[in-house]
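Model the structure of this input:
(chains A and B)
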Amino acid sequence: DVKVTQSSRYLVKRTGEKVFLECVQDMDHENMFWYRQDPGLGLRLIYFSYDVKMKEKGDIPEGYSVSREKKERFSLILESASTNQTSMYLCATIAGGARVSYNEQFFGPGTRLTVL
Amino acid sequence: AQTVTQSQPEMSVQEAETVTLSCTYDTSENNYYLFWYKQPPSRQMILVIRQEAYKQQNATENRFSVNFQKAAKSFSLKISDSQLGDTAMYFCAFGTQGGSEKLVFGKGTKLTVNP
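I've put the predicted structure just below:
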């Protein structure tokens, strides 16, 4: 079974703090994603990575950066947390291949971040 | 740009009954994929069912089936014999063939199955 883990289930930070959210997968998948989930807005893609040290912006990258130094680990960084970044953050991974977008995305349990 | 619309923010159904969740999408692509993902309360999101646009036959996975109407750009999910464990957020998603790995998700439908 694919396992996708996230470093924290709940996190409370203060405005202006630098925040690191980590995601680790154990299935050697090439592609990893960070989403933000807000009520009434669904899932919105922040960043994704298709290989080590490779990244692409998603739909809402402002205020975020990412790091992928190893294949199994994908980190989301909030350089200076703000209250409007209070949200649920979901990590996902997907295998590569010819029909990569048809493959199942495997999700982590989510990190509920509150910025005070 | 592709968009996915789920017009029902919340729905409820009685246990053992059938319920249909709606999803429409907008795209100029001809080859693409469609998905339904399920997010139970406080649990991880999982894939329920998926459909390739070039296949006319509707996908089925046990009690879950889809009604895929390509011309109408509609992709509804039917849950038969609803169970309490079907209570969840359901997200419709769209992916393009041969292009980006990204999926576009709808805003979700919260389904409650009542005993």
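
what residues does chain A put near chain B?
A:4, A:31, A:33, A:35, A:40-45, A:48, A:50, A:58, A:90, A:92, A:94, A:99-102, A:104-105, A:107-110 (CB under 8 Å from any CB of the partner chain). Placement of C-beta: from N, CA and C, glycine included.

Do you know the pLDDT at residue 99?
All of this is about chain A. Predicted confidence (pLDDT) for A:Arg99: 66.

try chain B instead
With respect to pLDDT, B:Gly99 has a value of 57.

Quick one, which of the residues of chain A next to chain B are buried?
A:4, A:31, A:33, A:35, A:42-45, A:48, A:50, A:58, A:90, A:92, A:94, A:100-102, A:105, A:107-110 (16 or more other CB atoms under 10 Å in any protein chain shown).

Partner strands of the lowest-mean-pLDDT helix or strand in chain B and their direction?
In chain B, the helix or strand scored least confidently by mean pLDDT, DSSP states H and E is strand B:103-105, which has a mean of 91. With DSSP bridges as the test, strand B:103-105 is paired with strand B:88-96 (antiparallel).

pLDDT wise, what is the nearest residue to B:Thr27 once chain neighbours are set aside at?
Distance criterion CB to CB, 6 or more residues apart in numbering or on different chains; nearest residue to B:Thr27, sequence neighbours excluded, is B:Gln2 at 4.6 Å. Looking at B:Gln2, its pLDDT stands at 83.

Return the backbone torsion pair for B:Gln2.
phi -80, psi 150 (degrees, to the nearest 10).

ok, now B:Gly85?
Torsion angles, degrees, to the nearest 10, at B:Gly85: phi -70, psi -10.

mind checking how far the spatially closest residue to it that is not a sequence neighbour is from chain A?
Once flanking residues are discounted, B:Gly85 sits nearest to B:Pro40: 7.4 Å by CB to CB, 6+ apart. For B:Pro40, the distance to chain A equals 11 Å [CB to the nearest CB, to the nearest Å].

So for chain B, the centremost residue is which one?
B:Trp36 (3.2 Å; CA atoms, centre = their mean).

Now that residue. Nearest residue, chain neighbours left out?
B:Val48 (4.4 Å).

would that neighbour count as being in a strand?
Yes. Assessed by DSSP: H, G, I helix; E, B strand; the rest coil, B:Val48 belongs to a strand.

That concludes my questions; thank you for your assistance.
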